[in-house]
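*Asks:* A predicted structure for the sequence below; I have some questions about it.
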Amino acid sequence: MVKMETAELETDLSLFKYDNLEQLPSRYRELEETDRTERIDAALEALGDDVVILGHNYQRREIVDHADFVGDSYQLSKEAAAADAEYVIFGGVTFMAESADIITDDDQTVILPSMEASCPMAGMAEALQVDSAWAEITAAAPDANIIPITYMNSYADLKAFCASQGGLVCTSSNAHKAFEYAFETGDKVLFLPDKHLGENTAHRLGMENDIAEWDPWDPEGKDAADVAESDIILWDGYCQVHERFRVEHIDQVRDANPDAKVVVHPECRREVVEAADKAGSTATICETIANADPGDTWAIGTEIHLTNHLQRWHPEVNVLPLCGDACMDCNAMRQIDPNYLTWVLEELVAGRERNVIEVAPEEKELAEVALDRMLEI
Ligand code: 13P
Ligand code: SF4
């Protein structure tokens, strides 16, 4: 492969976490699907083993169709750790690409095709904000050993903060194990940023009566002395895609299809998870449909792209979106447009790296400790 040169920086994106990320050139904006697919295939052929594409289950059809591995956050972090390609192209959102950069070797480069793929939930727990909450809560419980756990859906600086306080990262597939680890090493948990995953995990462990919430935006919603009495303190973050699902949607599906079963993501509200037949990570949702009998009906409570993929991948199963047309796509995941994929790949063929995600070295080392703890549990 041709020798790489560092791309000229063209965009000043002061609002975005990474200031080296660039907008799609106009000549890539109107590509037709057939032409684009041929160009992506040609670029992949030219790049060979130098590139691996990882695609989250919520990615658009054209991204998952080109991905070498498709999976949930946990599976993708394992694939990133195992990858030996020089370039890891991440079909996902910023926090996932950051984690891939942390986990991969220093001579590997992680590329996030679009700069705008930022998960709003990850932005709900800023490391500085958490640091000040931490000072208040730990001062209110001076004898307690509080372990901070951050969901994968968080930025590297927060992962680093958790590691520095003896904590770790988890995904929706291993949150219960992360809690168990925390209660073996400490006596309280501060869980960030998704309160619903935290609450659902507390229920799974039979600790539903030990929960307090910390609302960092509401001066009335945080009383350190009060929350420090509980064993599980939940940061008040949420995912708008999953908060949309209600128990009424489950009732409506069951009224219309008495044999239907319901599977939801644990980012859904507690009462929705309770009412569903099953809850689990996007990988669990995929397995549930893959293992269903032909003719079974399953309603899915998660991001709509995954529901559409499952309809395509398993036409023998009757797969329904849990709230019909009201099911949302994830605005952050949607930013990984196949035009961007074409652009970053063709730029690599031309010897230029675009939209490289590079976590600051001082955060990287500690964030890796938090991710390694997760991979070990
Ligand atoms: P999974 O870890 O289940 O893939 O979920 C990631 C996510 O962002 C869900 O909203
Ligand atoms: Fe973030 Fe929700 Fe999108 Fe997942 S679905 S990436 S939590 S906004």
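*Replies:* Here it is on my side, so go on. Numbering: from 1, shown residues only. Ligands and ions are numbered 1, 2, ... in the order given.

*Asks:* for the rest of this, base every contact and every neighbour count on C-alpha atoms.
*Replies:* Fine.

*Asks:* residue numbers of the chain in contact with ligand 1?
*Replies:* D72, S73, Y74, T171, S172, S281, T282 (CA under 6 Å from any ligand atom).

*Asks:* make CSV from those residues and add distance to N153 and neighbour count to it.
*Replies:* As requested, the residues of the chain next to ligand 1 are exported to CSV (distance: CA to CA, whole Å; neighbours: other CA atoms under 10 Å):
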residue, distance to N153, neighbour count
D72, 12, 21
S73, 9, 25
Y74, 11, 22
T171, 8, 21
S172, 10, 24
S281, 13, 22
T282, 14, 24
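
*Asks:* helices - which of those residues land there?
*Replies:* Judged by DSSP state H, those include S73, Y74, T282 as members of helices.

*Asks:* who are the contact partners of the nearest residue to the second one once chain neighbours are set aside?
*Replies:* For Y74, the nearest residue in space outside its immediate sequence neighbours is T171; the separation is 6.1 Å by CA to CA, 6 or more residues apart in numbering. Residues in contact with T171, defined by CA atoms under 8 Å, 6 or more residues apart in numbering, are S73, Y74, Y151, M152, N153.

*Asks:* which one of those residues sits closest to N339?
*Replies:* Taking CA to CA as the measure, N339 sits nearest to S73 out of the contacts of T171, at 23.3 Å.

*Asks:* that closest one is in contact with M96, isn't it?
*Replies:* Yes: counting by CA atoms under 8 Å, M96 is a contact partner of S73 at 7.1 Å.

*Asks:* okay, and the common contacts of the two?
*Replies:* M152.

*Asks:* now do the SS call for the residue minimising distance to the centre of the chain.
*Replies:* With distances taken as CA atoms, centre = their mean, N153 lies nearest the centre of the chain, 4.7 Å away. Of the three states, N153 takes coil under DSSP: H, G, I helix; E, B strand; the rest coil.

*Asks:* so it touches A122, yeah?
*Replies:* Yes: with contacts counted by CA under 8 Å, N153 reaches A122, the gap being 5.1 Å.

*Asks:* mutual contacts of the two, please.
*Replies:* F95, P193.

*Asks:* any chance of JSON lines for the residues of the chain next to ligand 1, columns pLDDT and distance to E136?
*Replies:* Converted to JSON lines, the residues of the chain next to ligand 1 look like this (pLDDT from 0 to 100; distance: CA to CA, whole Å):
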{"residue": "D72", "pLDDT": "95", "distance to E136": "34"}
{"residue": "S73", "pLDDT": "92", "distance to E136": "31"}
{"residue": "Y74", "pLDDT": "90", "distance to E136": "32"}
{"residue": "T171", "pLDDT": "94", "distance to E136": "26"}
{"residue": "S172", "pLDDT": "93", "distance to E136": "28"}
{"residue": "S281", "pLDDT": "96", "distance to E136": "33"}
{"residue": "T282", "pLDDT": "97", "distance to E136": "35"}
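
*Asks:* could I get those as TSV with distance to I233?
*Replies:* Listed next are these as TSV, based on distance: CA to CA, whole Å:
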residue	distance to I233
D72	26
S73	24
Y74	24
T171	17
S172	17
S281	22
T282	25
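
*Asks:* residues in contact with the closest residue to A260 other than its chain neighbours?
*Replies:* The shortest distance from A260 to any non-neighbouring residue, by CA to CA, 6+ apart, is to T297 (4.7 Å). T297 makes contacts with N257, D259, A260, K261, V317, N318, V319, L320, as judged by CA under 8 Å, 6+ apart.

*Asks:* mind checking how far T297 is from ligand 2?
*Replies:* 23 Å (CA to the nearest ligand atom, to the nearest Å).

*Asks:* so who does whichever residue of the stretch 51-200 of the chain sits closest to ligand 1 touch?
*Replies:* Per CA to the nearest ligand atom, D72 is where the stretch 51-200 of the chain lies closest to ligand 1, at 3.3 Å. By CA under 8 Å, 6+ apart, the residues touching D72 are H56, N57, S281, T282, A283.

*Asks:* so the last one sits right up against G71, yeah?
*Replies:* To tie it back to what came earlier, the one meant is A283. Yes: applying CA under 8 Å as the test, A283 and G71 come out as touching, 6.2 Å apart.

*Asks:* now for those two: what residues contact both?
*Replies:* By CA under 8 Å, 6+ apart, the residues touching both A283 and G71 are N57.

*Asks:* more neighbours: which of those two?
*Replies:* G71 (22 against 19; other CA atoms under 10 Å).

*Asks:* that one is in contact with H56, isn't it?
*Replies:* Yes: under the criterion of CA under 8 Å, G71 makes contact with H56 at 5.3 Å.

*Asks:* coming back round to it: mind putting the ones in helices among the residues of the chain next to ligand 1 in a markdown table, distance to E62 included?
*Replies:* Output for these, formatted as a markdown table (distance: CA to CA, whole Å):
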| residue | distance to E62 |
| --- | --- |
| S73 | 19 |
| Y74 | 22 |
| T282 | 18 |
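
*Asks:* got the contact list for stretch 307-318?
*Replies:* 61, 286, 289-290, 292-298, 300, 319-321.
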